[in-house]
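Chemist: Got a predicted structure plus its sequence, pasted below:
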Amino acid sequence: MNLLRLTAMEALEMMGRDELSAGDLTGAFLDQIDRHEGDVAAYLYVNEAGAREQAAAAGGRGGDRSLNGIPTAIKDVLCTEGMRTTCGSRMLEGFVPVYTATCVSRLAEAGVVNLGKTNMDEFAMGSSTENSAFGPTRNPWDLDRVPGGSSGGSAAAVAAGEAMWALGSDTGGSIRQPASFCGIVGFKPTYGSVSRYGLVAFASSFDQVGPLTRSVRDAALMLQHLVGKDPRDSTSVAHPEEIVIPRDQDLSGLKIGIISELSGGGIDAGVREVFQQAVRTMAEAGAEMETASIPHAEYCIPAYYILAPAEASANLARYDGVRFGLRAQGARDVIEMYEETRSLGFGDEVKRRIMLGTYALSSGYYDAYYGQAQKVRTLVVNDFDAAFREFDLLVSPTTPTTAFGLGERVDDPLTMYMSDICTVPANLAGLPAISIPVGLDGGMPVGMQFMGPAFSANRLLQAAHSTEAAVAFDRVSPLIEEQD
Amino acid sequence: MDYEPVIGLEIHVELSTRSKMFCGCRVEFGGEPNTRTCPVCLAHPGALPVMNRQAIRYLGRIALALDCRIPERSIFHRKNYFYPDLPKGYQISQYDQPFAVEGGLSVNVDGETATVGIERVHMEEDTAKNIHAGVSGRIAGSLYSLIDFNRSGTPLVEIVTKPHIHSPQAARSFLNRLKNTLQFLDVSDCNMEEGSLRCDANVSVRTVGDQELGVKTELKNMNSFRYIEKGLSQEIERQINMLENGERIVQQTVHFDVVTGEISPLRSKEEAHDYRYFPEPDLVPLVAAADFIAEIRGEMPELPADRARRYVSEHGLPEYDARVLTSDRELSDYYEESVSLYGDAKTVSNWIMGELLAYLNNAGVTAGECRVTPTALVELLGMVKSGDISANIGKEVFTGMCETGESATAIVQRKGLTQISDTDELESLIKQVIEENPSQVEQYRAGKEKVIGFFVGQVMKRTGGRANPQVVNRLLKERLAE
């Protein structure tokens, strides 16, 4: 049996019936890492010995062990006590946190096995994982293509059978876009529903942690353990309803809007075709599908690329060589030490965004950039409010194209930024959104994005699960397939 | 031409909460360096701030004591700049929506009461402490620098006055009054040496009658009110001289050297930082709901003016006494404790305003630091009242108590100071005195009754002041009348 094809729900059931041991399960994933990690490079650190130990111990512990033995990959943007956490940056090469992120602790308490830390664009800034200081990750469907980003390592690990599921973080699409590129499920929760404590900040008012999984039900399962108020994160709130595992049912009774601004021009013809096919399938499954509008959608990318870098310019000021991480040697005074440390420690994209953000906040420019972008943000929130008065949910393609080639866009930041065009609106408005695979275009996966009102995770997961079943996309990457 | 100085003050107050502003670390002065730290106040990756509710309550007390308006919603901003004592690379502070605005504090200057307007009161966090190794103790030319993060994240309240102060003396009076108020509020140690109270002053001059403000300079980080007064005088003189000479004043930070008494420019405002303030996304807005403010109002400690009124109405003290006694929190507490132990408020006040204050001023210690506790003072007052010792001896004993820390009883016994009221012992002394001074006896009998004082003095001298003056008086009158 090819254990790599299992979802976490299936594996838990089998382990519950003693048909599978946690040790064998983790072993299967570690073997796959052995076979393919050299090509895929999903991980920055593989916790091999630790994972085997945790798996061996998974049988006998008390407490809430409802995720016992599930082999999990963790994006390297999340702090893990005693285990190095680099954010894909030279700045934090060899940095070992003294505490663990709340979301990681919650999964650990439920018994997951920590397979290791996954590659990412440096400080989560990027859409291809090519901005990692430690080399790019490759797409398991086609090793010449990018896995998307910034959670590219987590998405590739799940798609390659190198992890059963993974944690990622999403600031402008960093969970959904790589999930879409790698043919898996990626969920960005409502802002505030998952604690950001221990998530290394990129843009604090956008960042959310969420699951990358092989099925919608797995996403719901992991989310059950992630949500909740954390006294260490003032922006976190208690999720108003308990997350439930979606049932098998059709889409009837749901009125779903197709966002015209995000599904027409600017979207590749091939992607559009797969998307429209999925829309037809949803209608057949009972959903009322109509055109919807987010009138200010075209301003989302410009607003996002002012606000997120502005916050980042402050969030990344702490990497100054004083207390931890890299410090340039030989500087004559403290200013020189700052300059050299930050010149050496940060890559080009991080520097670009720090400069963008610093500029946008500078006196004389604040109103024209930061102030104006905040207004756009309010308009987008209002757009969604209006749309959700009419529709239960909204859909669009997750990305305008399928995974592009390695190196194809590295010298063209603007085209790279446009890969986030469909995902950024949900971050601006703080809304929950999920991407599920709905087909292939030229052999590469195409994702469909669902967006819902704040805290509508259950509605969103149910609709995504019903669509997943109706579309019946059952393909996995060749790297998993070859183990059949 | 006549010039008028215009002064505005910015005061930073470290709150004496148990824990820091945004994490659970202890607030404590003088701990082993870097032992009161955590991922939050060291700005480790991924750490987040969480507001300290107690600090907000203290902030509320200050705002209410300063008669401020408290808007229902205020927000935190990030103030961005690089310095090794600022671990996050930004300070969490408040900017255009501060916690409290539009207040005032009335101050007595040269017998007149004037209200100094309060522009704003806001919450922020303190920085860590840099220690520069090398001769000067300053960063320039130091061998290396060490950082102690124990102070990093200590709750800090900034109070900004309107430019309503027109003399260095008034600035000092205002600061004394403010410090006293803060101490009564139980929100800060207000210890300038330890840096829990710090002050910057903005000053400009203009010709009297002019409505526009002149170009201001800023005196930073002055560590005593006396130096602030001196520094301001010095800077005002410098500015007036410049204007008289037709020179232009440059907006800049100036440094007052307390040793040489000289003013030197520190840095020009033109090269000042662009702090790039923007709303702090890690914190939610601070909502000062009506019931929260009412709660704070309910737990407000008694302020100096209230205490003074009570001393007049309930203790029957003269207003002057009441004002002096409430000019200092420790002095007022000292008085209250003494009265509660002794009862007679006016006697206690007399001793505190006379003997205790004289000693405190001389020795340069505070009422709280004085070796003579209220209990010890009350023991002494009891001995005077019962007639064991005279009031004059009592004062001598008090001085001894301050010097040695001994109790009144111990000093009186050791020195044999018990009052002599025994008539037999006094009779023989009086007899001697009368015999030895026949001419004064003549004068007295001729009607010059004032001479009695001379005889009393003689008896006192021979008893080392221990004779009971009332008994001596009575006996002398009897003998001289014979």
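Modeler: Structure's in. What do you need? Residues are numbered from 1 along each chain as shown, chains lettered A, B, ... in the order given.
Chemist: CA atoms only for stretch A:137-144 - export them in CSV, please.
Modeler: Extracted C-alpha coordinates of stretch A:137-144, given in CSV (Å, rounded to 0.1, in the frame of the first residue of the first chain):
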residue,chain,number,x,y,z
THR,A,137,12.6,24.4,-3.9
ARG,A,138,11.3,22.6,-7.0
ASN,A,139,7.8,21.7,-7.9
PRO,A,140,7.1,17.9,-7.5
TRP,A,141,4.9,18.0,-10.6
ASP,A,142,7.7,19.3,-12.7
LEU,A,143,11.2,19.8,-11.2
ASP,A,144,11.9,22.6,-13.7
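Chemist: Could you tell me which residues within that stretch count as buried?
Modeler: Residues A:137-143 are the ones in stretch A:137-144 that count as buried (16 or more other Cβ atoms under 10 Å in any protein chain shown). Bear in mind the C-beta positions are built from the backbone N, C-alpha and C, glycine included.
Chemist: again, but for stretch A:393-413
Modeler: Using 16+ other Cβ under 10 Å as the burial criterion, the residues of stretch A:393-413 that qualify are A:393-404, A:406, A:408-410, A:413.
Chemist: burial count for A:Asp385?
Modeler: Here the number of neighbours of A:Asp385 (other Cβ atoms under 10 Å in any protein chain shown) works out to 12.
Chemist: Look up how far chain B lies from it.
Modeler: In this structure, A:Asp385 and chain B are 20 Å apart, going by Cβ to the nearest Cβ, to the nearest Å.
Chemist: residues from the stretch 251-400 of chain B in reach of chain A?
Modeler: Residues of the stretch 251-400 of chain B lying close to chain A by Cβ under 8 Å from any Cβ of the partner chain are B:274, B:276-278, B:281-284.
Chemist: what's the closest of these to A:Ala55?
Modeler: Taking Cβ to Cβ as the measure, A:Ala55 lies nearest B:Asp282 of these, at 36.1 Å.
Chemist: Show residues contacting stretch B:350-361.
Modeler: Under the contact criterion Cβ atoms under 8 Å, 6 or more residues apart in numbering or on different chains, stretch B:350-361 has outside partners B:321, B:324-325, B:331, B:334-335, B:338, B:366-367, B:370, B:372, B:377, B:381, B:395, B:398-399, B:402.
Chemist: Please enumerate the strands of chain A.
Modeler: In chain A, the strands defined using DSSP state E lie at A:43-46, A:71-75, A:113-118, A:165-170, A:185-188, A:208-213, A:255-259, A:288-292, A:393-397, A:433-441, A:444-451.
Chemist: other SSEs contacting the third one?
Modeler: Think strand A:113-118. helix A:22-40, strand A:43-46, helix A:48-57, strand A:71-75, helix A:152-159 (3 or more Cβ pairs under 8 Å, 6 or more residues apart in numbering or on different chains; DSSP states H and E).
Chemist: In its sheet, which strands sit next to that strand, and in what direction?
Modeler: Strand A:113-118 pairs in its sheet with strand A:43-46 (antiparallel), strand A:71-75 (parallel), by DSSP bridges.
Chemist: Turn these into CSV, including mean neighbour count and mean pLDDT.
Modeler: Output for the strands paired with strand A:113-118, formatted as CSV (neighbours: other Cβ atoms under 10 Å in any protein chain shown; pLDDT from 0 to 100):
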stretch, mean neighbour count, mean pLDDT
strand A:43-46, 22, 98
strand A:71-75, 31, 98
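Chemist: before we move on, the earlier item: deepest of the helices and strands packed on strand A:113-118, which one?
Modeler: Compared across these, helix A:152-159 shows the largest average neighbour count, a mean of 37 (mean count of other Cβ atoms under 10 Å in any protein chain shown).
Chemist: Name the nearest residue to the residue of the stretch 301-450 of chain A found nearest chain B, ignoring sequence neighbours.
Modeler: For the stretch 301-450 of chain A and chain B, the shortest gap (Cβ to the nearest Cβ) falls at A:Ala317, measuring 2.3 Å. Among residues not flanking A:Ala317 along the chain, B:Gly89 sits closest, at 2.3 Å (Cβ to Cβ, 6 or more residues apart in numbering or on different chains).
Chemist: packing partners for the worst-scoring helix or strand of chain A on mean pLDDT?
Modeler: Here the helix or strand of chain A ranked lowest by mean pLDDT, DSSP states H and E is helix A:413-418, holding a mean of 84. Counting contacts by 3+ Cβ pairs under 8 Å, 6+ apart, helix A:413-418 packs against helix A:300-315.
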